[in-house]
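Peer 1: All I have is the shape, not the residue letters:
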């Protein structure tokens, strides 16, 4: 069994080789997709082992995240083929400049080098992340959560076999062999070996990275997303957007967690909100949304009184915190104090309020009259996604292939001196 | 006296205000430039205090870095006026995308927020950094080195007076009031208050930031730059480039520290190198370059035998480490192992060698047949520079106004749900 240090050393060595050609990368990706499908039985067996070990220890939702099926493996393969079809980001001239002295300066996209990805229990992240890393010219070191490790290991074995079949070093895609905290800590502190660390997981993992990472790191994924219903909102539009943002997929990071309502329309709008999210959904046999209400909202509609943590919690569930605010200014201040800077929306027909909101709210995605659920690499035209950055350095919002690259300046002269 | 925490809190509060207009920023910059000149006596007095305290404690070179004169203050003012004349990076649409469902997605440049800059003894950095931060819409917290603190404080007082005269909050530009390690550590760990930390200084400061920073950080400035003389080099060109890269300004980060020479031409080229850098310069009354030689080079020309650290040292002096290498591949391997990823050059007429070198060498600036001294924001067409990043995340090489910005996605819809 290779140690994490050995894996990182091998990854670094491969990353120092010349960049792969676009054709070599695409052929390898197609081979990876084909072999995942062809060898799905090995993967399904490993997944059954993970499922058996997890049953009784994790929730049904988490078990479903962990489960692989033939259809899900086919979808993983399809995802890889889509990455193969995307343009190669590496070598792209991002800018060119010729100096008066005749130097040709080209700003050229280059891979980061070794990208380490720490993730949790969804085994499909293994193939998604590996495909994106390979296409962007990077060497990846994957560190799966304990629950999904056998599945991830089986997937990586298949991907490495595909790499070998195309004459590429299997070290382009490696899985850390243990799932202890120690191995995560080793990735966080591997200065000189890890060029970029991407933690994909919950708030605890992100916090651990902020505290402990000594290597460049991009924080992803935690989303306390707000929808602010302005006095000048189209209220039917607001109801449709809130129901979509909250309930279409509550477990994802771009789902709404907090609804802010302008004081002037609270008495009119809140009963409609209760009707839409609680009464109507119950009547239709859908999961109702538990409303956690500030005192002003609680004076208007029934619900749970909001506790001190409810405006700082990523519920990832059918729960919505609701607060009445004075105006768009208080809405922006509340968001500044409580948001994770992922996605926020204003619902309004007032162009001034919309403009203020989009300028003042400092989040990766700021919406006017649309659902926060659109924050996604595919929707944003990136073709794919390695995660959604909630930081401001380097990449913000959905990270596609370009965001997995750095650049360097290549300067060609004929003897120029300064 | 304000504590560092109070300064950071005030900076954050100002950063949450709406972005300043281009006109407001430019008017403030011009007022800053004018007032620096008008109030130069106060600044020169404070500088005299710093110079008196420093004399006898720091080298002549460092004393010269610390010294302000009327001409230098005029140059600082001129630098600010140049920043005022540059295009405003904030609000620029970096990309736009319309979804099939009719969402308009605009990727818009925005300021980072609060930018903290830790620097050492050059007082002009104070006004340079403040001007770049203001123009890029950021709020800056400056932390000067002890030697230059009175000068920096006088400069910041003038800049703040200029801000006030234009109706802007003085908190856009603040100086940390103490110069202890504690204040630097506070900036490094001010999670949620500092959006970007830029350490501008030597290797020790950069190391301290890597070890201790919990806030996003861009490493700048240390340069162990290599010039590789290939077998197919125009040797006269190589000599001119090496003399320029080494001696035109030895104390800067883009100066050459190491010369690698292809084995096939070592016997012919090294005597010319010795002639150019030692004999000829001595004859012309110029500072000769001390050559620190690997054993193979020492067998050909006189010089100091290179010690174990000489290929890993930023000399910032008239000293050049010289090593004979097998070929361009060994040159690239040596650079990978010893470079700080700042600037490296190959001198060759062989297009294959040049192409290999530019692909394989993983540094911010990779030159073919030109001096490493060109790595500079002005030369690269950025108009200005906050420092030279030697990391791959976010900004690499010279950092201009665009590199001091992040972006956010602003999405406008008409009720779209997903």
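Peer 2: Good, I have the coordinates. From a predicted model like this one, the values you see are computed outputs, not experimental measurements. Residues are numbered from 1 along each chain as shown, chains lettered A, B, ... in the order given.

Peer 1: Roughly how far does the residue nearest to residue A:37 when sequence neighbours are not counted sit from chain B?
Peer 2: Distances taken as Cβ to Cβ, 6 or more residues apart in numbering or on different chains put residue A:77 closest to residue A:37, at 5.0 Å, once the chain neighbours are dropped. Where C-beta positions appear, they are placed from N, C-alpha and C, glycine not excepted. Distance of residue A:77 to chain B, computed by Cβ to the nearest Cβ, to the nearest Å: 25 Å.

Peer 1: Against which helices or strands is whatever helix or strand residue A:77 lives in packed?
Peer 2: Assigned by DSSP states H and E, residue A:77 falls within helix A:70-85. Judged by 3 or more Cβ pairs under 8 Å, 6 or more residues apart in numbering or on different chains; DSSP states H and E, helix A:70-85 is in contact with helix A:22-38, helix A:40-54, helix A:124-135.

Peer 1: picking that back up, contact partners for the residue nearest to residue A:37?
Peer 2: Residue A:77 sits next to A:32-34, A:36-37, A:127 when contact means Cβ atoms under 8 Å, 6 or more residues apart in numbering or on different chains.

Peer 1: Repeat the analysis, applying 10 Å as the threshold.
Peer 2: Going by Cβ atoms under 10 Å, 6 or more residues apart in numbering or on different chains, residue A:77 touches A:30, A:32-38, A:40, A:127, A:131.

Peer 1: Now the buried members of these.
Peer 2: If you count burial by 16 or more other Cβ atoms under 10 Å in any protein chain shown, the buried members of these come out as A:30, A:32-33, A:35-36, A:40, A:127, A:131.

Peer 1: Quick check: which of these are also close to chain B?
Peer 2: Applying Cβ under 10 Å from any Cβ of the partner chain to the buried ones among the contacts of residue A:77, one finds that nothing falls near chain B.

Peer 1: any chance of those residues in JSON lines, with distance to residue A:345 and pLDDT too?
Peer 2: Below are those laid out as JSON lines (distance: Cβ to Cβ, whole Å; pLDDT from 0 to 100):
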{"residue": "A:30", "distance to residue A:345": "39", "pLDDT": "98"}
{"residue": "A:32", "distance to residue A:345": "38", "pLDDT": "98"}
{"residue": "A:33", "distance to residue A:345": "36", "pLDDT": "98"}
{"residue": "A:35", "distance to residue A:345": "42", "pLDDT": "98"}
{"residue": "A:36", "distance to residue A:345": "37", "pLDDT": "98"}
{"residue": "A:40", "distance to residue A:345": "40", "pLDDT": "98"}
{"residue": "A:127", "distance to residue A:345": "32", "pLDDT": "95"}
{"residue": "A:131", "distance to residue A:345": "31", "pLDDT": "97"}
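
Peer 1: ok so, going back, please work out which of the helices and strands packed on helix A:70-85 is packed deepest.
Peer 2: Highest mean neighbour count of these: helix A:124-135, a mean of 26 (counted as mean count of other Cβ atoms under 10 Å in any protein chain shown).

Peer 1: residue boundaries of the helices in the stretch 251-400 of chain A?
Peer 2: A:263-274, A:280-283, A:295-298, A:328-338, A:351-360 (DSSP state H, counting those that start in this stretch).

Peer 1: Any chance of these in a markdown table with mean neighbour count and distance to residue A:221 as columns?
Peer 2: Listed next are the helices of the stretch 251-400 of chain A as a markdown table, based on neighbours: other Cβ atoms under 10 Å in any protein chain shown; distance: least, Cβ to Cβ, whole Å:
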| stretch | mean neighbour count | distance to residue A:221 |
| --- | --- | --- |
| helix A:263-274 | 18 | 27 |
| helix A:280-283 | 14 | 27 |
| helix A:295-298 | 17 | 29 |
| helix A:328-338 | 19 | 17 |
| helix A:351-360 | 18 | 23 |
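
Peer 1: would you list those in TSV and tack on distance to chain B and mean pLDDT?
Peer 2: Shown next, in TSV, are the helices of the stretch 251-400 of chain A (distance: least, Cβ to the nearest Cβ, whole Å; pLDDT from 0 to 100):
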stretch	distance to chain B	mean pLDDT
helix A:263-274	16	98
helix A:280-283	15	98
helix A:295-298	23	98
helix A:328-338	6	97
helix A:351-360	5	97
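
Peer 1: now those helices as CSV including distance to residue B:394?
Peer 2: What follows is the helices of the stretch 251-400 of chain A, written out as CSV (distance: least, Cβ to Cβ, whole Å):
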stretch, distance to residue B:394
helix A:263-274, 40
helix A:280-283, 43
helix A:295-298, 41
helix A:328-338, 23
helix A:351-360, 23
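
Peer 1: And the buried ones among the contacts of residue A:77, which is closest to chain B?
Peer 2: Checking the buried ones among the contacts of residue A:77 against chain B with Cβ to the nearest Cβ, the nearest one is residue A:131 at 21.2 Å.

Peer 1: What separation do you get for that closest one and residue A:160?
Peer 2: With the distance defined as Cβ to Cβ, to the nearest Å, residue A:131 ends up 13 Å from residue A:160.

Peer 1: which residues are common contacts for those two?
Peer 2: With Cβ under 10 Å, 6+ apart as the test, residue A:131 and residue A:160 both reach A:32, A:173.

Peer 1: can you count the residues close to residue A:305?
Peer 2: The number of residues packed near residue A:305 is 11, by other Cβ atoms under 10 Å in any protein chain shown.

Peer 1: Check residue A:323 too.
Peer 2: Applying other Cβ under 10 Å, we find 24 residues neighbouring residue A:323.

Peer 1: Name the nearest residue to it, ignoring sequence neighbours.
Peer 2: Counting by Cβ to Cβ, 6+ apart, the residue nearest residue A:323 is residue A:294, at 4.2 Å.

Peer 1: Please apply the same query to residue A:298.
Peer 2: In space, residue A:298 is closest to residue A:305, 5.8 Å off (Cβ to Cβ, 6+ apart).

Peer 1: How about residue A:170?
Peer 2: Residue A:170 sits nearest to residue A:160 (Cβ to Cβ, 6+ apart), 3.7 Å away.

Peer 1: And for the one you found, the neighbour number?
Peer 2: 21.

Peer 1: where does the stretch 201-350 of chain A dip in pLDDT?
Peer 2: Scanning the stretch 201-350 of chain A for pLDDT under 70 picks out nothing.

Peer 1: This completes my enquiry, with thanks.
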